[in-house]
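>>> Here is my input; please provide its structure:
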Amino acid sequence: MIAKPQFTRPLKHSIAQLPDYDDIGLEQIEVVTCSTKAKEVAALLIAQYEVGFDTESKPRFKKGEPEVGPHLLQFATVERAYLFPAALADVFEIGLTIVASQQVVKVGFGLKDDNRQLQNQHGVKVLNKADVSRQLARFMEDEKPIGARPAVAMLLGKQLSKSAQMSDWSRWPLNEKQILYAGRDAHSALMVWRAVAAFVAD
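Residues are numbered from 1 along each chain as shown. Here you go, the predicted structure:
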């Protein structure tokens with residue numbers, strides 16, 4: 001029997017030495033901009049067994065400022081990522097059908113917050129979900145959830161950039177930096193999940 005690998009949370013300076021997470025590029029990330037395409041992509045994603053998932057919201061900088069997001073839904077397969085912006089209401093509504101689907105597993109980091117926002121703002125629950133943060137912590141026998149950045153460093157040996165995290169996600173259209181960030185967030189969640197599954201299988 002193969003012994004379970006002993007992972008330890010990497011330090012920030014150690015992560016900074018790693019190569020950038022570039023397993024998916026701009027040419028593989030699609031911003032969905034019409035309902036016809038949204039329906040096509042939704043059917044494709046719901047037919048998958050599992051997809052990477054995340055949301056982005058405009059940051060709140062003042063105490064007590066109301067929550068208004070999410071402003072973007074992100075989904076990823078191994079080959080591609082798809083972004084559904086709230087600025088395009090019809091597209092976003094179709095994206096919500098993926099969120100609420102029981103057919104496909106939504107894999108992501110810290111899904112509790114995403115689920116709360118989606119329920120509060122849209123009355124939609126993230127169904128059939130797998131929280132990588134908690135599953136990885138359980139696998140490592142760690143009491144605290146593992147975030148995306150340390151998880152990508154540990155499992156994939158790469159540095160996941162968070163430089164666009166605090167940008168204005170309500171602004172339309174998204175810029176290239178936001179598109180790359182959003183696509184890679186969802187994609188890396190799926191890749192980490194699959195890496196953990198490979199170790200569990202061993």
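>>> Not counting its neighbours along the chain, what's nearest Q178?
Once flanking residues are discounted, Q178 sits nearest to A164: 5.1 Å by Cβ to Cβ, 6 or more residues apart in numbering. No exception for glycine: its C-beta is placed from N, CA and C like everyone else's.
>>> residues contacting that neighbour?
A164 makes contact with K177, Q178, L180, Y181, A182 under the criterion Cβ atoms under 8 Å, 6 or more residues apart in numbering.
>>> Name the residues of the strand or helix carrying the last one that are buried.
With elements taken from DSSP states H and E, the one containing A182 is helix 176-201. Counting neighbours by 16 or more other Cβ atoms under 10 Å, one finds that the buried residues in helix 176-201 are 178-193, 195-196.
>>> Can you find the helix or strand in the protein with the smallest mean pLDDT?
Among the helices and strands of the chain, helix 132-140 carries the lowest confidence by mean pLDDT, DSSP states H and E, at a mean of 86.
>>> Next SSE downstream of it?
Counting by DSSP H and E, the next helix or strand C-terminal to helix 132-140 is helix 148-156.
>>> Can you check what angle separates the longest strand seen in the chain from helix 132-140?
For the chain, the longest strand by residue count, based on DSSP state E, is strand 50-56. Relative orientation of strand 50-56 versus helix 132-140 (axes from the mean of the first three to the mean of the last three Cα atoms, to 10 degrees): 120 degrees.
>>> Who are the packing partners of strand 50-56?
Other helices and strands packing on strand 50-56, by 3 or more Cβ pairs under 8 Å, 6 or more residues apart in numbering; DSSP states H and E, are strand 72-76, strand 105-108, helix 111-122, helix 176-201.
>>> With only the CA atoms kept, save it in CSV.
Coordinates of the C-alpha atoms in strand 50-56 are reproduced here as CSV (Å, rounded to 0.1, in the frame of the first residue of the first chain):
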residue,chain,number,x,y,z
GLU,A,50,-17.5,17.6,-12.7
VAL,A,51,-16.5,21.1,-13.5
GLY,A,52,-14.3,23.7,-11.8
PHE,A,53,-16.5,26.5,-10.4
ASP,A,54,-16.0,30.0,-8.8
THR,A,55,-17.7,33.4,-8.7
GLU,A,56,-16.4,36.9,-8.5
